[in-house]
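1. quick one: sequence plus predicted model below, questions after.
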Amino acid sequence: MTFYEILVILSLILWILLSVTLIIGLLRLLPRLINALRQLESMSDEFLKKAVPVLDQSQQLLDQVGGVAASLADDVDRIDRTVIRATSSVESMVELAEDRVSEINALLEVAVEEAEETFFSTAAIMRALRLGGRGRKSRRRSRTERRRLG
C-alpha cells in the first residue's frame, strides 16, 4: 500500500465517521424539530382563532368609519349648497338695497330741487309783497337799485 491509498482510506473513514455523527445528531434532533413544528402549528392555530374575531371587528369598524365618512361628505355637500343659496340671496338683497338707495337718492334730489324752487318762488313773492307795500317809491328807484334787488 502506498501513501496515497492510505490517505484515501483515512479520508473515507473520516467521512464515514462524520456522516454517522451527523445522522445520529439528526436522528436525535428530528423528534425535537417535529415537536417544535407541532408547537408552532398549534400557536399558529391559536393565533388565527384569536385574530379572526379581531379582524372581523376591525372590518366592522372600517365599515362604520366608511359610513360616517359618507355621511359627513353628504353633510358637507348640503352645507355647501346652503351656503351658495344664502350667498346668492344676500347678493340679491344687496342689489335690491342698492336699487332702493338709488331710488331714494333720486327722490331726494327731486325733493331738494322742489324745495329750492319753492324757496326761491317764496322769496320772490315776499320781495314782491315787500316792494308792493312801499308804494310808488319803489317804482321810482333807479335801474341800478332794481338790478341789485332783483
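-> The structure has been received and is ready for your questions. Numbers count the residues shown, from 1 in each chain.
2. can you report how many residues lie near Leu131?
-> Using other C-beta atoms under 10 Å, the number of residues around Leu131 comes to 16. Yep, even glycine has a C-beta here, placed from its N, CA and C like the rest.
3. can you tell me the element it falls in?
-> helix 3-133 (DSSP states H and E).
4. how far does that helix sit from its chain's centre?
-> 9 Å (C-alpha atoms, centre = their mean, to the nearest Å).
5. relative to Leu131, how far out is Asp56?
-> 111 Å (C-beta to C-beta, to the nearest Å).
6. thinking again about what came up before, now the helix holding Leu131: average pLDDT?
-> On average, the pLDDT along helix 3-133 is 93.
7. other SSEs contacting it?
-> For helix 3-133, there is no helix or strand it packs on, judged by 3 or more C-beta pairs under 8 Å, 6 or more residues apart in numbering; DSSP states H and E.
8. residue contacts, the spatially most central residue of the chain?
-> Taking C-alpha atoms, centre = their mean, the centroid of the chain lies closest to Val76, which sits 8.8 Å from it. Going by C-beta atoms under 8 Å, 6 or more residues apart in numbering, Val76 touches no other residue.
9. what distance do you get for it to Leu48?
-> Distance from Val76 to Leu48, by C-beta to C-beta: 41 Å.
10. equivalent analysis for Ile84, please.
-> For Ile84, the distance to Leu48 - C-beta to C-beta - is 53 Å.
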